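Enquirer: structure, please.
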Amino acid sequence: MNENQTPPPAIHMQIDNYAMGNNSSNVVNNYPSPPRQTTSREEYNDTITIPNFPNQVKEALTTIKKYLARQPTSHEIKISKETIIVNGKLLELDYEACKICKNQPSNFTCPQCQRKVCSKCVIKRSDKVQCFRCKNSKKVKDKLNSEFEDKITRLLKLESNDKIREVVLAEVENLGGKSLEELIEVVRKLEIRSDKLDRSISLAYFYVGKIFYEKMEEFFSESDLEGGQKDRKILASFRHAKDLDFGKERMSIQEIKEKLSVDDNKVSRFFGLTLKVFLTYKNFGSSEEQIRKAESIPSSVWLRDLSQEKFLDFLGKLKQREREEEL
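Expert: Numbers count the residues shown, from 1 in each chain. Below is the predicted model of the structure:
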């Protein structure tokens, strides 16, 4: 076919299709597409994990942030496992503040509590090297132990009837046979009259605590707890007690609270105090006689204000002295 001849219709159509890009063999349309970005910025950020920092690290980072915010010029701090970079320069740092004063670097470890403290917070003129906090806690513990010993001694010593310095009211006779609702009423009347009727109130608290204790003991029966572990568990069981009922009348904590006309906080303290009174006297041969005839008994206010740990310490010392008295 020469130059002046017209191409056949089929060939002409193929050329038109090629020019219009409709032919499957079109090299323009068959170029591979550039890679598409399938990861957005949000998805990328989701792949970055932030460690679950403990509270002290969070506090340290917050302190650093507040410090930088107060500076007149901008600073950049980068911290990794190996290095600390401040404004592009390496900072060699291994600092730990005194755990007591917080002002000086720690250069001493207390052999008793293992706290890292500075030289100013160490007892220097003493046979035993220790920090101020250990020294002060020992003083408090010695004072408390002395107080425990005095109260235990006077509690274990019975007086004859004519020497009892406080007359126990007739209203607290035969409390062992009263219902929980009747005991709550006795407690309410005694608390309104006086804060110093320790023997009378302790008797009422003892029998209320007995009802609480036996119910909670039944509640935790599957836990196989014994001795101090069981006492600790029951003393801290108020949140469980709120879902239970007590006594033959099946009184709830809410009903007891309304009967005493107190708020949630006071009914919780009442629950704990009655348990403390019960635990104090339950191991005596005659608990009621011990409350009535002891030379002196711990006041309900004193027992109430003892923390759980201190009360358990007192209870352990009391049981030990009871065993010694029996020998």
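
Enquirer: and the gap between the residue nearest the centre of the chain and Ala204?
Expert: Centroid-nearest residue in the chain: Ala236, 11.4 Å away (criterion: Cα atoms, centre = their mean). Separation of Ala236 from Ala204 (Cβ to Cβ, to the nearest Å) stands at 23 Å. Quick note: C-beta positions are derived from backbone N, CA and C, even for glycine.

Enquirer: how about Lys151?
Expert: For Lys151 relative to Ala204 (Cβ to Cβ), the value is 20 Å.

Enquirer: for the two, indicate the residue with more neighbours.
Expert: When neighbours are counted by other Cβ atoms under 10 Å, Lys151 and Ala204 differ, and Ala204 comes out ahead with 28 against 20.

Enquirer: using the three-state scheme, assign Gln85.
Expert: That one is not Gln; residue 85 is Ile. Classification of Ile85 using DSSP: H, G, I helix; E, B strand; the rest coil returns strand.

Enquirer: quick check: closest non-adjacent residue to it.
Expert: Lys78 (4.3 Å; Cβ to Cβ, 6 or more residues apart in numbering).

Enquirer: what's the helix or strand for that neighbour?
Expert: strand 77-79 (DSSP states H and E).

Enquirer: which secondary structure elements does that strand contact?
Expert: strand 84-86 (3 or more Cβ pairs under 8 Å, 6 or more residues apart in numbering; DSSP states H and E).

Enquirer: show me the domain layout of this protein.
Expert: Domain assignment for the chain by automatic domain parsing gives 84-137, 145-326.

Enquirer: rewinding a little: distance check, the nearest residue to the residue nearest to the centre of the chain once chain neighbours are set aside against Ser221.
Expert: Nearest residue to Ala236, sequence neighbours excluded (Cβ to Cβ, 6+ apart): Gln308, at 6.6 Å. Gln308 is 21 Å from Ser221, where distance means Cβ to Cβ.

Enquirer: these two: which is more packed in?
Expert: More crowded of Gln308 and Ser221, by other Cβ under 10 Å: Gln308, with 13 against 10.

Enquirer: residues contacting that one?
Expert: Arg232, Leu235, Ala236 (Cβ atoms under 8 Å, 6 or more residues apart in numbering).

Enquirer: now the first one: which helix or strand?
Expert: For Arg232, the enclosing helix or strand under DSSP H and E is helix 227-235.

Enquirer: what residues sit buried inside the very next helix or strand once past that helix?
Expert: Once the chain leaves helix 227-235, the next helix or strand it forms, by DSSP H and E, is helix 238-241. Neighbour counts over helix 238-241 (16 or more other Cβ atoms under 10 Å) mark Phe238, Ala241 as buried.

Enquirer: name the helices or strands packed onto the helix or strand just after helix 238-241?
Expert: Once helix 238-241 ends, the next helix or strand along the chain (criterion: DSSP H and E) is strand 245-246. When contacts are defined as 3+ Cβ pairs under 8 Å, 6+ apart, strand 245-246 packs onto helix 198-219, strand 251-252.

Enquirer: of all the ones you listed, which lies closest to Asn283?
Expert: helix 198-219 (12.3 Å; Cβ to Cβ).

Enquirer: next one: Glu226 from Ile234, what distance?
Expert: From Glu226 across to Ile234, the span is 12 Å (Cβ to Cβ).

Enquirer: the more surrounded of those two?
Expert: Higher neighbour count among Glu226 and Ile234: Ile234, with 24 against 8, using other Cβ under 10 Å.

Enquirer: wait, the more buried one touches Lys215, no?
Expert: No: Ile234 lies out of contact with Lys215 (Cβ atoms under 8 Å); the separation is 9.5 Å.

Enquirer: now do the shared contacts for the two.
Expert: Residues touching both Ile234 and Lys215 (Cβ under 8 Å, 6+ apart): none.

Enquirer: ok, Cys110 - contacts?
Expert: Applying Cβ under 8 Å, 6+ apart, the residues near Cys110 are Lys116, Val117, Val122, Val129, Gln130, Cys131, Arg133, Cys134.

Enquirer: what about Leu275, how many neighbours?
Expert: Applying other Cβ under 10 Å, we find 26 residues neighbouring Leu275.

Enquirer: just Leu315 next, same as before
Expert: 19.

Enquirer: same thing with the one 5 residues further on?
Expert: By the measure other Cβ under 10 Å, the count of residues near Gln320 is 11.

Enquirer: ok now whichever strand or helix holds it, how far from the chain's centre?
Expert: Here Gln320, judged by DSSP H and E, is contained in helix 308-326. Counting by Cα atoms, centre = their mean, to the nearest Å, helix 308-326 is centred 25 Å from the centre of its parent chain.

Enquirer: quick one: the strands in the stretch 51-200 of the chain, in order.
Expert: Along the stretch 51-200 of the chain, counting by DSSP state E, counting those that start in this stretch, strands occupy 77-79, 84-86, 89-90, 108-109, 116-117, 122-123, 130-131.

Enquirer: okay, those strands, which one's buried deepest?
Expert: Using mean count of other Cβ atoms under 10 Å, the stretch among these with the greatest mean number of neighbours is strand 130-131 (a mean of 22).
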